[in-house]
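K.L.:
Need coordinates for the below:
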Amino acid sequence: MSDSPRLSRPALLTWLVAAAVAAFPTWEEWRFRLQPGAYETFGCVGGWGGWETPLLDPLRGDLDRIMENVEAWGLPAVVVLVGFLACLGGRDPRVVGRRTAGVLVAIAVLVPVVPVYAAEEGCGLMPILSAEWFATVMSSWGSTQLCLLAAATLVLLTTRMMSATTSVVPSAGVTWRRPVALLVDYMIIVVTLTFVIQPILSVISFDTSIHLDFGILSWSALSLDKAEPERLLTLAGVFLYFWVNHSLWGRTPGKRLLRIHLVSVQPTARPTAGKTALRTLLFPLLLFEPTYGQLALIVDGLWALLDPDGRTLHDRLANTDVTRRIPPDVGRSDSPAITEGAPSPGA
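P.N.:
Prediction:
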């Protein structure tokens, strides 16, 4: 870990400007909520049509649920401030800068992508990835995207200035692999629920079905009024998918594809079944809690910027880490681990 850098006045000013620019979309959001102005309503005769790419429906719905309060809660400005504190705490400025800027860019891109858009003609929804959908998404870009991209640029500039006076710790290249691996696992779960579990339920009972149109999180939210067997089955399936894979092999199919592993911080053993169960309950199962799940995800991600080892909060609490290091064989405490790089945080 690098020593705590001295912060120059230009660097401090750049951080403050970046935070202010990132906070502007939040100010606009609350101004609109407090004074929404005139609005239009319309009716439609007939049913709403389905989307042409059904496998993307759950992903869009879950991202929409996660992103719904990002601007209202001032998350972009908070991310900038946490990145600033991480640099003051001795984290590598370049690594912090890349991750902070990456979060800001991701928010800027996702905000216009995740909403449901109604088709201009008929009563259907706009097909995802259609020409009309792309045109609508591009036309939705505005001051929010410009501010977040500008804040990301300022963060990258100031962290490069700060890194000139600090030592640089090599990165393991895990940061981008973790969200990609999670996306692969997510799609595997969606495909399994849609094409395996749903046909089985249809044979067992005509009244039982799984509806993932608005996301897995909405379908299986932890709520007393959503305690149907098929919803609980989905929740149990998500838990078993991550728990079994991590307990037996230390990696899910997504992690295997991206060549990363879940390891214990103890170098002589893989994570125990109890630790992987706790880790799975903290992430992703806690996301299914409708009131605090989104907040827990935000805290978990921000923790990785401040953590001395760059670990997420659920990894810290479960005494685990995700790395490209190859874990030792079970039962062979004298087998050294082969490390490709230092551990790095991710989603």
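K.L.:
got the residue ranges for the strands in this protein?
P.N.:
With DSSP state E, the ranges of strands along the chain come out as 261-264, 320-323.
K.L.:
tell me the most buried of those strands?
P.N.:
Using mean count of other C-beta atoms under 10 Å, the stretch among the strands of the chain with the greatest mean number of neighbours is strand 320-323 (a mean of 24). Bear in mind the C-beta positions are built from the backbone N, C-alpha and C, glycine included.
K.L.:
for residue 258, what are its contacts?
P.N.:
When the contact criterion is C-beta atoms under 8 Å, 6 or more residues apart in numbering, the partners of residue 258 are 177, 178, 180, 181, 184.
K.L.:
most surrounded residue in the residues you listed?
P.N.:
Greatest neighbour count in those, by other C-beta atoms under 10 Å, goes to residue 181: 24 neighbours.
K.L.:
what's the neighbour count on the nearest residue in space to that residue that is not next to it in sequence?
P.N.:
Distance criterion C-beta to C-beta, 6 or more residues apart in numbering; nearest residue to residue 181, sequence neighbours excluded, is residue 254 at 3.6 Å. Counted by other C-beta under 10 Å, the residues lying close to residue 254 total 21.
K.L.:
and what of residue 191?
P.N.:
11.
K.L.:
got any ranges where the stretch 151-300 of the chain has weak pLDDT?
P.N.:
Of all residues in the stretch 151-300 of the chain, those with pLDDT under 70 make up the ranges 164-173, 206-207, 224, 267-269.
K.L.:
One more pass at 90, please.
P.N.:
Within the stretch 151-300 of the chain, the set of residues satisfying pLDDT under 90 comprises 161-176, 198-211, 213-214, 218-231, 265-271, 290-291.
K.L.:
For stretch 210-218, list every residue counted as buried.
P.N.:
Taking 16 or more other C-beta atoms under 10 Å as the neighbour-count basis, stretch 210-218 is seen to contain the buried residues 210, 212, 214, 215, 216, 217, 218.
K.L.:
tell me the mean pLDDT over stretch 119-130?
P.N.:
In this model, stretch 119-130 has a mean pLDDT of 81.
K.L.:
that older thread, for the residue nearest to residue 181, list the residues it contacts.
P.N.:
Under the criterion of C-beta under 8 Å, 6+ apart, the neighbours of residue 254 are 180, 181, 182, 183, 184, 185, 188.
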